[in-house]
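> Model the structure of this input:
(chains A and B)
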Amino acid sequence: VEYISGKVFFTTCSDLNMLKKLKSAERLFLLIKKQFPLNVSSVSKGKIFNEMQRLVNDDPESWLSAISIWKNLLELDAKEDKLSQRDANPLKRKVEENDIINPKKLKTKQMQELQESRECQLEKQMEEATVEQGDFLTNREKSQEAFQNDVVKAVAAPNQKDLTFRVSCRCSGSMAKTFTAQEVGRVIGIALKKQFGWKADLRNPNLEIFIHLNDIYSVVGIPVFRVPLASRAYIKTAGLRSTIAWAMASLAEIKAGALVLDPMCGLGTILLEAAKEWPDVYYVGADVSDSQLLGACDNLKAAGLQDKIELLKVSVIELPLPSESVDIIISDIPFGKKFKLGKDIKNILQEMERVLHVGGTIVLLLSEDHHRRLQDCEPGGIPRNSKGSHTDEPGIEKCLNPGGKTDLSDTVSSSAETGGQGDLDKMPPFGSLVPVDHYRVSLGRTGAFICRYRKSPSSG
Amino acid sequence: MKLLTHNLLSSHVRGVGPRGFPLRLQATEVRINPVEFNPDFVARMIPKVEWAALLEAADTLHLVEVPKGPIEGYEHDEKFLRQMHHVLLEVRTGPSLASLATAG
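Numbers count the residues shown, from 1 in each chain, chains lettered A, B, ... in the order given. The predicted model follows:
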């Protein structure tokens, strides 16, 4: 696994369903190419265009095999749908597949191996869902035998000529100063046409190619899913970004049987993400806004989580809960001018502290302003977060355990850099709330901090 | 709201200064909402329960088969846990979105 400022590169042998479960990644791409950044400094524009063309032309094999994998992924996905519909139509499957079947078990395993000697390491194994139908199994077995002897060829399959494509390009850093995304897109598009004979279709292409060029890398990939991972099937109306919400819940280390409170829950995004992942927990959400609570209620119903999450119309500065009754508090502190820094934040934190159990955890999303303010208030003072070291995304770490081996896909994640030096902070800022760590995250246009506190036994 | 929540809220009221507010339960407003039984979860909730408040609420709502208190070894007593599961999680009072006015 490798992570570079906003992107996590990893290899995996999990199937699409497992990949769909990645919670703290915004989007998932299949990597075609990753290499050193194009040098923009003193070279002429024309030369750089050549460099870009080389991205396409130098290594057509890697492109083709990536596309092959992508196709197979999609087919498998479509096939899983078919399986669940009990549609026994195995003859439609394409010749490229190499299937290994163990007829004794009920599970049908499909193994696909593409040998790739390129840098991109496109080796992928995929497993299919359990097949329960006995009849279906025999049908498939028969067709398997017919296909069993076919060898997978990653290189130029004839049906790749009729692919339509679109190039989406993103340039940042010094690249952005020299080129526009359109220019780059055009150059790459033309190169692709020349090299592979595909047709461009801007409106509804088969294949989308994403290119991201910046000062750190040049990356080319194919999006694995049509819809970004961050848009969840179970959330009707999202408030906070689902990836951040999940990451916060994850940091809170929710254990079964805990009482988790979000005292400013808004549309309930954090509670939804948490309840989906950690179901045996007692969730309570509170807000002062009727409209938000109604929205949250809607969300709960749409997700089928009304039994797990309780909603209350109460204010965070006057929580009708006994002291020390809550195990975990997770909240997105509203940004914006309405919330005067200082007094309000203090009241909020005090009340949170009161209802929290000793040893309990608070995870807050703070705007950069809030965070700076809090740091200044603290007597001990957290040393200013100067350098970002490598990103530390706890969410991604946990998700990548499914496959034993790992192969290559490409993930774009909400960037998070560790800045927290929890050990150095001995002085609690608010009574007994001790900062544990904090992480800088990107919310798209703005940045924020996820801060974690723990309540220590108070002296008084 | 679930009785578990009501219990939590009302136990806050007892003997704590200015933040009191009325949480009257109406017997007419009771609904039973089936919830999947999860013994581990229920067992973990038991220590959080304020029994006096719970018994009073149960009384007001004319609930039957409410345990009077945690029994020894309740974590493994399925009957007990199922009763508590029913009382705490399946009995619903009032509107689903609770609107609580803080008094004072």
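> what's near enough to touch residue 63?
Just so you know, I chose chain A. A:32, A:56, A:195-196 (C-beta atoms under 8 Å, 6 or more residues apart in numbering or on different chains). C-beta: built from backbone N, CA, C; applies to glycine.
> um, chain B though
Contact analysis of residue B:63 by C-beta under 8 Å, 6+ apart lists B:87, B:91.
> is it fair to say it lies in a helix?
No. Under DSSP: H, G, I helix; E, B strand; the rest coil, residue B:63 sits outside any helix and is assigned coil.
> where do the strands sit along chain B?
B:30-32, B:91-93, B:98-99 (DSSP state E).
> Which helix or strand contains residue A:71?
helix A:60-84 (DSSP states H and E).
> could you give the mean pLDDT of that helix?
Mean per-residue pLDDT for helix A:60-84: 74.
> just stretch A:306-317 next, same as before
According to the model, stretch A:306-317 has a mean pLDDT of 89.
> So residue A:349 is in contact with residue A:433, correct?
Yes. Using C-beta atoms under 8 Å, residue A:349 makes contact with residue A:433 at a distance of 6.9 Å.
> residues in contact with whichever residue of chain B sits closest to chain A?
Using C-beta to the nearest C-beta, the single residue of chain B nearest to chain A is residue B:44, 2.7 Å away. Counting by C-beta under 8 Å, 6+ apart, residue B:44 makes contact with A:256-258.
> Using a markdown table, lay out those residues together with neighbour count.
Output for the contacts of residue B:44, formatted as a markdown table (neighbours: other C-beta atoms under 10 Å in any protein chain shown):
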| residue | neighbour count |
| --- | --- |
| A:256 | 13 |
| A:257 | 19 |
| A:258 | 21 |
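> tell me which element residue A:166 is part of?
For residue A:166, the host element (DSSP H and E) is strand A:164-171.
> the inter-axis angle of that strand versus helix A:60-84?
Per axes from the mean of the first three to the mean of the last three C-alpha atoms, to 10 degrees, the angle that strand A:164-171 makes with helix A:60-84 is 110 degrees.
> in whichever helix or strand comes after strand A:164-171, what's buried?
Next along the chain after strand A:164-171, taking DSSP H and E as the criterion, comes helix A:174-178. By neighbour count on 16 or more other C-beta atoms under 10 Å in any protein chain shown, the buried set for helix A:174-178 is A:174-175.
> residues of stretch A:304-318 that come out buried?
For stretch A:304-318, burial by neighbour count (16+ other C-beta under 10 Å) applies to A:305-316.
> Stretch A:34-51 now?
A:34, A:38, A:40, A:48-49, A:51.
> Among the residues you listed, which pair sits farthest apart?
A:34 and A:49 (19.9 Å; C-beta to C-beta).
> Filtering the contacts of residue A:63 by proximity to chain B, which remain?
By C-beta under 8 Å from any C-beta of the partner chain, no member of the contacts of residue A:63 lies near chain B.
> Pipe the residues you listed into CSV and attach neighbour count and pLDDT per row.
Formatted as CSV, the contacts of residue A:63 follow (neighbours: other C-beta atoms under 10 Å in any protein chain shown; pLDDT from 0 to 100):
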residue, neighbour count, pLDDT
A:32, 27, 80
A:56, 23, 79
A:195, 14, 84
A:196, 17, 84
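> Tell me the one of these nearest chain B?
Out of those, the member with the shortest distance to chain B (by C-beta to the nearest C-beta) is residue A:32, at 45.2 Å.
> returning to that earlier point: what does the strand holding residue A:166 contact?
A:179-182, A:184-185, A:188-189, A:192, A:198-202, A:204-214.
> Parallel or antiparallel, list what pairs with that strand.
Take DSSP bridges as the rule and strand A:164-171 pairs in its sheet with strand A:199-200 (parallel), strand A:207-213 (parallel).
> where's the closest residue to chain B within the stretch 151-300 of chain A, which helix or strand?
Shortest the stretch 151-300 of chain A-to-chain B distance, computed as C-beta to the nearest C-beta: residue-wise this is residue A:257, at 2.7 Å. If you go by DSSP H and E, residue A:257 is not part of any helix or strand.
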